[in-house]
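**Student:** could you work out the structure for the sequence below:
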Amino acid sequence: MATQLEHCEILPSPAEVTELTLPLTFLDIPWLYFHPIQRLLFYEFPCSKPYFLETIVPNLKESLSLTLKHYIPLASNILYPSSNEKPVFRYVVGDSVSLTIAESSDNFNYLTANYAQDADQFYPFVPQLPPPKEEAEYKTIPVLCLHWDVRVF
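**Tutor:** Numbers count the residues shown, from 1 in each chain. Modelled structure (predicted):
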């Protein structure tokens with residue numbers, strides 16, 4: 001069971017870029033037809049909850065914002081035109097990356113133990129991806145690589 005402590009959208013640090021459109025490469029396109037890869041990474045980070053929320057989380061947000069400034073396409077969306085045009089990465093001011101901070105009552109040591117476990121117990125930890133947005137001439141899908149869900153145990 002988890003209690004959501006905070007949800008925010010992280011914007012790239014202010015930059016000169018107001019809009020950016022990049023074509024998908026030959027290596028990007030095959031991945032569009034697969035289900036998104038949903039990885040869970042568990043890190044043991046022994047610190048108090050107040051320290052984590054007051055120090056680590058603000059630093060994480062700032063670092064993510066600065067990183068997005070230099071890697072704008074990570075905050076972009078994939079734009080699928082209704083016509084026969086090829087999909088593209090498109091960034092416009094206001095595009096962001098989702099970050100959720102939550103506290104979990106699950107047992108960290110049990111979840112990270114080195115033996116076979118039921119996969120169903122891990123589904124609550126996978127961030128929910130937003131649905132595509134459909135507009136008149138295109139469909140917009142957020143880049144699936146960055147939807148962060150940070151849990152405190």
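
**Student:** could you count how many residues lie near the nearest residue to residue 38 once chain neighbours are set aside?
**Tutor:** Excluding the flanking residues, the one nearest residue 38 by Cβ to Cβ, 6 or more residues apart in numbering is residue 126, at 4.8 Å. Quick note: C-beta positions are derived from backbone N, CA and C, even for glycine. If you count neighbours by other Cβ atoms under 10 Å, residue 126 ends up with 13.

**Student:** may I have the phi/psi pair for residue 126?
**Tutor:** Residue 126 adopts backbone torsions of phi -80, psi 130, taken as degrees, to the nearest 10.

**Student:** my guess is it meets residue 37, correct?
**Tutor:** No. With contact defined as Cβ atoms under 8 Å, residue 126 does not reach residue 37; the gap is 10.7 Å.

**Student:** list the buried ones in stretch 44-60?
**Tutor:** By neighbour count on 16 or more other Cβ atoms under 10 Å, the buried set for stretch 44-60 is 52-53, 57, 60.

**Student:** which among these gets closest to residue 32?
**Tutor:** Nearest to residue 32, judged by Cβ to Cβ, of the buried residues of stretch 44-60 is residue 60 at 29.1 Å.

**Student:** just list the residues touching the nearest residue to residue 122 once chain neighbours are set aside, thanks.
**Tutor:** In this structure, residue 122 finds its nearest non-sequential neighbour in residue 40, 5.9 Å apart by Cβ to Cβ, 6+ apart. The contact partners of residue 40, by Cβ atoms under 8 Å, 6 or more residues apart in numbering, come to 122, 125-126.
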